[in-house]
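> structure of the sequence below:
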Amino acid sequence: MKLVTLVLTIIMSTALQADQVIHAGFLVDTESGSVLPERSIVINNGRVVKVVKGYIAGEQVIDLKDSTVMPGLMDMHTHLTSGASPSAYTEKFFHEQSFFAIRAVVNAEKTLMAGFTTVRDLGSDPRVTREIDQAIDNRTIKGPRIFNAGKSIATTGGHADPTNGVNQELMGSPGPTEGVINGPDDAYEAVRQRYKEGSEVIKLTVTGGVLSLAKSGDNPQFTDRELDAIMAAAKDYNFTVAVHAHGVEGMKRAIKAGVHSVEHGTYMDAEAMRMMRKQGTYYVPTITAGKWVAEKADTYPKIVQPKAKAVGPQIQTTFGKAYKAGVKIAFGTDAGVFPHGLNGREFQYMVEAGMPAIETIQAATINAAKLLRVDHELGSISAGKIADIVAVKGEPLKDMRLMQSVHFVMKDGIIYKQP
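Numbers count the residues shown, from 1 in each chain. Below is the predicted model:
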């Protein structure tokens, strides 16, 4: 549905410029993993027509000869309604949906301006993110293309149970509609509810988490039967499934059930890595969030502090091991745990852990597109694909800190940021 909307938006738009030509000093070919010098990218009606050697003339020439040009970046783990605020635990008691919608509008634009033209939102109020998504598609506001999970699915007391830590009189007993399940039947109902609400991906919290008001950050929280039911329902509705997982037992149960990506993966061991290679499961590391919570540990509630100090510093090390073990990697940051717009820090952290610079860009483009099952439309700059294109001045493969300074952003052939 997302890509159908995109195509219709492009076809119906009368504001797009025809025959745009980008002169790229260097072009990152994400399909081959190479960098090509002096290329011209021809764009018509929001799509790439062709890529040719050298610099050719055109009706509208965009001079990026001093830059490295690459496909629009893709972040597979964000929370657009979240604000990385110490007040996050009490906001829901003092603010209406409009507060979170306003913040999401701001965060969406920051994300796009940082060069991320596509994101997965893995857990936000579906009433907000659905409207934000539509407003972006209609070009009412500026933001990335959103693949929305709506409310994360948890078990009672689990990481995404919205009543953790709440006064008993206010706690109630949330069920599948609120994203809390107990048993296979609940699992089916929760997936169907996400479908009803317009979600495009399912997010599960299969282990404890860091920032929830619960003691464990890593215990398994779904049974095998619940996971099998989730995956059966997800297959019926053509959903991909992403799982938050720190602890290895919950992670292995989820991999065995056939989930499509593991987020965080903090205590992943060699057996889990072998399982992921065999199943083709993607790993979405979120190193930036780990470093942020470790640095800010003392600002969180006391029940959260020991988890932040233990889990946060571990993620980068785990990522390095997973990469060396041959696990498939898709780029993701958990933006919302830290301020939106800083997503580009993840590239440097991935390189520090041993991943070659070109592969970090592939993780944020063609690999992410494959995880989303949209690599026929996005993830590389090639004929026929949607013209999502960003640029960085200089040569970022020699200094990945430059990925934090994207200075040109095009989405659907429309320029949102340029020098």
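> can you give me the helices for the stretch 101-250 of the chain?
Ranges of helices within the stretch 101-250 of the chain are 126-137, 168-171, 184-196, 224-236, 248-257, based on DSSP state H, counting those that start in this stretch.
> model confidence over the last one, on average?
So that's helix 248-257. Averaged across helix 248-257, the pLDDT comes to 98.
> please save the CA atoms from stretch 251-260 in PDB.
Only the C-alpha atoms of stretch 251-260 are listed here, as PDB (Å, rounded to 0.1, in the frame of the first residue of the first chain):
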ATOM      1  CA  MET A 251      16.100 -13.900  20.700                       C
ATOM      2  CA  LYS A 252      16.600 -17.600  19.800                       C
ATOM      3  CA  ARG A 253      12.900 -18.300  20.200                       C
ATOM      4  CA  ALA A 254      12.000 -15.400  17.900                       C
ATOM      5  CA  ILE A 255      14.600 -16.400  15.300                       C
ATOM      6  CA  LYS A 256      13.400 -20.000  15.300                       C
ATOM      7  CA  ALA A 257       9.800 -18.700  14.700                       C
ATOM      8  CA  GLY A 258      11.000 -16.900  11.600                       C
ATOM      9  CA  VAL A 259      11.000 -13.200  12.500                       C
ATOM     10  CA  HIS A 260      12.600 -10.900   9.900                       C
END
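> roughly how far apart are Asp334 and Lys417?
Using Cβ to Cβ, to the nearest Å, one gets 24 Å for the distance from Asp334 to Lys417. Heads up, the C-betas are built off the backbone N, CA and C, glycines and all.
> of the two, who's got more company?
Asp334 (30 against 17; other Cβ atoms under 10 Å).
> and the residue nearest the centre of this structure?
Nearest to the geometric centre of the chain sits Met76, at 1.8 Å (Cα atoms, centre = their mean).
> what's the closest non-adjacent residue to that one?
Gly332 (3.8 Å; Cβ to Cβ, 6 or more residues apart in numbering).
> do Gly208 as well
Excluding the flanking residues, the one nearest Gly208 by Cβ to Cβ, 6+ apart is Ser216, at 3.8 Å.
> please look at the one you found and His246 and confirm they touch.
No - taking contacts as Cβ atoms under 8 Å, Ser216 lies outside contact range of His246: 9.1 Å.
> re earlier: show me what the host helix or strand of the residue nearest to the centre of the chain is packed against.
Per DSSP states H and E: Met76 is located in strand 73-78. In this structure, strand 73-78 packs against strand 116-121, strand 282-284, helix 366-372, with contacts taken as 3 or more Cβ pairs under 8 Å, 6 or more residues apart in numbering; DSSP states H and E.
> and these as a markdown table, adding mean neighbour count and mean pLDDT?
Formatted as a markdown table, the helices and strands packed on strand 73-78 follow (neighbours: other Cβ atoms under 10 Å; pLDDT from 0 to 100):
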| stretch | mean neighbour count | mean pLDDT |
| --- | --- | --- |
| strand 116-121 | 30 | 98 |
| strand 282-284 | 26 | 98 |
| helix 366-372 | 24 | 98 |
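> kindly reformat the ones you listed as a markdown table containing distance to Ser85.
What follows is the helices and strands packed on strand 73-78, written out as a markdown table (distance: least, Cβ to Cβ, whole Å):
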| stretch | distance to Ser85 |
| --- | --- |
| strand 116-121 | 18 |
| strand 282-284 | 24 |
| helix 366-372 | 27 |
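> out of these, which is closest to Asp186?
Asp186 lies closest to strand 116-121 among the helices and strands packed on strand 73-78, at 23.2 Å (Cβ to Cβ).
> what angle separates the closest one from strand 73-78?
20 degrees (axes from the mean of the first three to the mean of the last three Cα atoms, to 10 degrees).
> which residues touch strand 116-121?
Residues outside strand 116-121 that contact it (Cβ atoms under 8 Å, 6 or more residues apart in numbering): 72-80, 111, 129, 144-149, 201, 242, 332, 343, 368-369, 372, 378, 388, 390, 409, 411.
> before we move on, back to that, average pLDDT for the strand holding Met76?
Here the average pLDDT along strand 73-78 is 98.
> next helix or strand past that strand?
helix 91-94.
> CA-only coordinates of that next one in CSV, if you can.
The C-alpha trace of helix 91-94 is given here as CSV (Å, rounded to 0.1, in the frame of the first residue of the first chain):
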residue,chain,number,x,y,z
GLU,A,91,4.1,12.8,29.5
LYS,A,92,1.1,10.5,28.8
PHE,A,93,-0.6,11.7,32.0
PHE,A,94,-0.3,15.4,31.2
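> quick one: contacts of that helix?
Contacts for helix 91-94 (Cβ under 8 Å, 6+ apart): Ser85, Phe99, Phe100, Pro162.
> separation between the second one and Gln404?
Looking back up the chat, that one is Phe99. 28 Å.
> ok, now Met113?
From Met113 over to Gln404 (counting by Cβ to Cβ), the distance is 12 Å.
> and what of Glu96?
Applying Cβ to Cβ, the value for Glu96 to Gln404 is 34 Å.
> the two: who's more crowded?
With neighbours defined as other Cβ under 10 Å, Glu96 and Gln404 compare such that Gln404 has more, 18 against 8.
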